[in-house]
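Asks: What follows is a predicted structure for the sequence shown.
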Amino acid sequence: MSTTHASAQDALHKVFGFDSFRGLQEQVISSVVAGRDALAVMPTGSGKSLCYQVPALVRPGTALVISPLIALMQNQVTALQQLGVRAAALNSSLEFRESTRIEEAMRDGKLDLVYVAPERALGEWFRRLLTQTKIALVAVDEAHCVSQWGHDFRPEYLQLATLREQTGDAPFLALTATADAATRKDIVERLALKDAAQFVAGFDRPNIRYTVEAKSTPRVQVLNVVRRHGGAAGIVYCATRNKTEQVAAQLQAENVQALPYHAGLDQGLRARTLDRFLKDDGIVVVATIAFGMGIDKPDVRFVVHADAPKSLEAYYQETGRAGRDGLPSEAVMLYGLQDIVQARALIEQGDAPDNQKRIEKQKLELLVGFCETTRCRRQALLAYFGDDLPEKCGNCDTCLEPVESWDGTEAAQKLLSA
Ligand code: ADP
Ligand code: MG
């Protein structure tokens, strides 16, 4: 196929087969096509990938896509190739011959998009290749990884701005699903975005029903959620590797197709689990937070936090993996005070600098506030991101079954102020 499409609309219809842009896509794309740096903060599932894939086809040259998610790159590349887009991923799993072939194609201007992990992008070899290639744009996906205060900090991200030395005047596009104002500022500074256009979409995911339950009989509580969604795909998040295996075994004993996933498992096994989750029906992955960032599975019907997440950003991002197809979905958190106490202790014992520990503890307290709120859960969540939801949502536990106060509030306050 030809490299350059006359217009973004043209590429949208002819290549991707979509009728129209969604949300902020069109604005982000026009800005990038015009060659301006931009930061796009758009919820999970809102279609951030298209924001660089379309400009990649409209602007001359090869688009560079930096992503920390090596496991997912190949999925994206395969999907693009099936649409006739000339895409490739450079990663450490390639044989020498294969990477040489991709590099040659880049130099010859025969690739529309190249996905690359940050450590690879920063190497001398790759930088030399960049100077020999016409670069259409540089997309930095999961850009919140640049922020030390975020939950996914990646030190390599701090160096990405230096790629400008090799990419000339190609615009940089930073993309993320979660960034409060401070993180946005961090991203702009650390990636050295120039006169960046900022696009921040609303955070509301109205099809997700939020519920926080007091943790009492977790085994039964998790099973109840799984059963309610009889045979649908879902994710159960646990705080530790051990626990993912335990909970997966418990679910298997109840004839649920549950699979554990954590960073301690063999890479091949992890890849197979991810593959089954994406391709088979009704797989429940029981995972640590190692699972999920960037996973594009539209019909995840529920996300359960068997243990509390680390912060509201983490909660939003993890629950955001439910219902990307827009159909009714559920996020259920089991909230137990003991978990919070433990999480706090872990922060204390960690070797992060004091100011970071302070921030992490603050984030945990905000999470507790969210768990114990009696106001609309969605209003509380969106308020955290600076989004104002004028009406109660009618689709969260506190709207559906209003309560006077959270059981155990006093106990929580005591423990946390101790
Ligand atoms: P994000 O990275 O923001 O989480 P993705 O880029 O993975 O989201 O896209 C989520 C899903 O939305 C994908 O299945 C994608 O094909 C679909 N999608 C994106 N843009 C559109 C559009 N304009 N019309 C229809 N579907 C779209
Ligand atoms: Mg994405």
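Replies: Received, thanks. Ligands and ions are numbered 1, 2, ... in the order given.
Asks: Contact partners for Leu400?
Replies: Gly394 (Cβ atoms under 8 Å, 6 or more residues apart in numbering). For every residue, glycine as well, the C-beta is placed using N, CA and C.
Asks: Please tell me how far Val403 sits from ligand 2.
Replies: 36 Å (Cβ to the ion, to the nearest Å).
Asks: Need phi/psi at the one residue in the stretch 101-250 of the chain that gets nearest to ligand 2.
Replies: Nearest to ligand 2, among the residues of the stretch 101-250 of the chain, is Asp141, at 6.0 Å (Cβ to the ion). Backbone torsions of Asp141, given as degrees, to the nearest 10, read phi -80, psi 160.
Asks: got it, and Val116?
Replies: phi -150, psi 140.
Asks: and if you look at Leu173?
Replies: Leu173 has phi and psi values of phi -120, psi 120 when expressed as degrees, to the nearest 10.
Asks: ok, now Leu269?
Replies: Dihedral pair for Leu269: phi -70, psi -40, per degrees, to the nearest 10.
Asks: In contact with it, which residues?
Replies: If a contact means Cβ under 8 Å, 6+ apart, then Leu269 has no contacts.
Asks: One more: Glu189?
Replies: Applying Cβ under 8 Å, 6+ apart, no residues contact Glu189.
Asks: what's the spacing between it and Ser67?
Replies: 21 Å (Cβ to Cβ, to the nearest Å).
Asks: Quick check: buried residues in the strand or helix carrying Val222?
Replies: Here Val222 sits within helix 218-228, counting by DSSP states H and E. For helix 218-228, a neighbour-count test (16 or more other Cβ atoms under 10 Å) marks 218, 221-223, 225-226 as buried.
Asks: which one among those gets closest to Glu98?
Replies: Val226 (40.8 Å; Cβ to Cβ).
Asks: In this structure the closest one contacts Val256, no?
Replies: Yes: look at Val226 against Val256 with Cβ atoms under 8 Å: they come within range, at 5.5 Å.
Asks: between those two, what contacts are shared?
Replies: Val284.
Asks: Contacts only, for the nearest residue to Leu94 once chain neighbours are set aside.
Replies: Nearest residue to Leu94, sequence neighbours excluded (Cβ to Cβ, 6 or more residues apart in numbering): Ile102, at 7.5 Å. For Ile102, the contacting residues are 88, 90, 94, 111, 114, by Cβ under 8 Å, 6+ apart.
Asks: mind listing which of those are in strands?
Replies: Here DSSP state E is the test, and the contacts of Ile102 give 88, 90, 114 as lying in strands.
Asks: Residue of the stretch 301-418 of the chain nearest ligand 2, please.
Replies: Arg324 (10.2 Å).
Asks: so what's that residue closest to, chain neighbours aside?
Replies: Closest to Arg324 by Cβ to Cβ, 6+ apart is Gly45, at 3.3 Å.
Asks: In contact with that neighbour: list those residues for me.
Replies: By Cβ under 8 Å, 6+ apart, the neighbours of Gly45 are 205, 296, 298, 320, 323-324.
Asks: ok, now Lys110?
Replies: Going by Cβ under 8 Å, 6+ apart, Lys110 touches Arg86.
Asks: Got the confidence number for it?
Replies: We have a pLDDT of 96 for Lys110.
Asks: Same check on Asn91?
Replies: Here, the pLDDT recorded for Asn91 equals 82.
Asks: Report the separation between the residue nearest to it when sequence neighbours are not counted and ligand 1.
Replies: Among residues not flanking Asn91 along the chain, Ile70 sits closest, at 5.2 Å (Cβ to Cβ, 6+ apart). As for Ile70, its distance to ligand 1 is 16 Å (criterion: Cβ to the nearest ligand atom, to the nearest Å).
Asks: same deal with Asp195?
Replies: In terms of Cβ to the nearest ligand atom, Asp195 sits 24 Å off from ligand 1.
Asks: before we move on, the earlier item: since we're on the nearest residue to the residue of the stretch 101-250 of the chain closest to ligand 2 once chain neighbours are set aside, how many residues are nearby?
Replies: In space, and not counting its chain neighbours, Asp141 is closest to Ser67: 4.3 Å by Cβ to Cβ, 6+ apart. Neighbour count of Ser67, defined by other Cβ atoms under 10 Å: 24.
Asks: my read: Ser67 touches Glu119, true?
Replies: No: the pair Ser67 / Glu119 is not scored as a contact, 11.8 Å apart, by Cβ under 8 Å.
Asks: Report the buried residues of the helix with the most length in the chain.
Replies: Longest helix in the chain by number of residues, with DSSP state H as the criterion: helix 354-371. Using 16+ other Cβ under 10 Å as the test for burial, helix 354-371 gives 357, 359-360, 363-365, 367-368, 370-371.
Asks: likewise stretch 270-289?
Replies: By neighbour count on 16+ other Cβ under 10 Å, the buried set for stretch 270-289 is 270, 273-274, 277, 282-289.
Asks: between the residues you listed, which is closest to Leu334?
Replies: Val286 (13.3 Å).
Asks: who touches that closest one in this structure?
Replies: Per Cβ under 8 Å, 6+ apart, neighbours of Val286: 235-236, 238, 244-245, 247-248, 251, 258-261, 306.
Asks: mind redoing it with 6 Å?
Replies: 236, 244, 247-248, 258, 260 (Cβ atoms under 6 Å, 6 or more residues apart in numbering).
Asks: Mind listing the residues bridging to it?
Replies: Val236, Pro260 (DSSP bridges).
Asks: For the stretch 101-250 of the chain, give me the ranges with low pLDDT.
Replies: Within the stretch 101-250 of the chain, the ranges that satisfy pLDDT under 70 run 150.
Asks: Next, please give the residue ranges for the helices of it.
Replies: Remark: helices assigned in the stretch 101-250 of the chain by DSSP state H, counting those that start in this stretch are 118-121, 124-131, 164-167, 181-190, 218-228, 241-253.
Asks: and the fifth one with helix 241-253, angle?
Replies: Put plainly, it is helix 218-228. Relative orientation of helix 218-228 and helix 241-253, computed by axes from the mean of the first three to the mean of the last three Cα atoms, to 10 degrees: 50 degrees.
Asks: Who are the contact partners of the residue in the stretch 51-200 of the chain that ligand 1 sits nearest to?
Replies: With Cβ to the nearest ligand atom, the shortest gap between the stretch 51-200 of the chain and ligand 1 falls at Ala177, namely 6.2 Å. Residues near Ala177 by Cβ under 6 Å, 6+ apart: 43-44, 317.
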